[in-house]
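Q: could you look at this predicted model? Sequence included:
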Amino acid sequence: MVEQVQQISPEQQIIYELVNRIRILESKQNLFSEKLLVMNQNMIEEHKKVIEGIKKVKNSLKGMEEDLDNVRSVVRHLSEEASKFAIKEDVKVLEKYINLWDPLKFVTESDVMELIKENA
């Protein structure tokens, strides 16, 4: 048997070359589609992580705001109570009156009764 070598015409050669180029382009397009799909999945995962992080920050901020409100309330209460305290000058005046009267030297009823019995 004699093998026949087929001659490829220039038109066929151009068609084969075009078919090969189309296959290469299809392969590149498939790779690009796969990469795009992976990127989209990664972006969705990252978006979920970011949303979760934002929720945590919001909750933390809400807790801090509540703590700040509590601190403000305590400071307001302490301020109101501090305004009720006696000032230094008032305390000194009271001290002078106490020293002047010297209540420790006051006589009790039983002391008076004893003095009366002694003098009678």
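A: Alright, I've got the coordinates. A quick note: this is a predicted structure, and the numbers were derived from the prediction, not measured.
Q: now the residue nearest in space to the middle of the chain, what's its secondary structure?
A: When Cα atoms, centre = their mean is applied to the chain, the residue found nearest the centroid is residue 60 (2.7 Å). Classification of residue 60 by DSSP: H, G, I helix; E, B strand; the rest coil places it in helix.
Q: got it, and residue 23?
A: helix.
Q: pLDDT score for it?
A: We have a pLDDT of 97 for residue 23.
Q: can you list phi and psi of residue 86 for me?
A: Here is the backbone geometry of residue 86 (degrees, to the nearest 10): phi -80, psi 140.
Q: what number of residues lie near it?
A: Neighbour count of residue 86, defined by other Cβ atoms under 10 Å: 10. Placement of C-beta: from N, CA and C, glycine included.
Q: for it, give me its contacts.
A: Applying Cβ atoms under 8 Å, 6 or more residues apart in numbering, we find residue 86 in contact with residue 94.
Q: 10 Å instead?
A: 92, 93, 94 (Cβ atoms under 10 Å, 6 or more residues apart in numbering).
Q: and the residue nearest to the centre of the chain, how far from residue 35?
A: According to Cβ to Cβ, to the nearest Å, residue 60 stands 37 Å off from residue 35.
Q: any regions of the protein where pLDDT drops low?
A: 1-5, 103 (pLDDT under 70).
Q: mind listing the helices for it?
A: 10-83, 88-101, 109-119 (DSSP state H).
Q: from the contact counts, what lies against the longest one?
A: If you count contacts as 3 or more Cβ pairs under 10 Å, 6 or more residues apart in numbering; DSSP states H and E, helix 10-83 packs onto no helix or strand.
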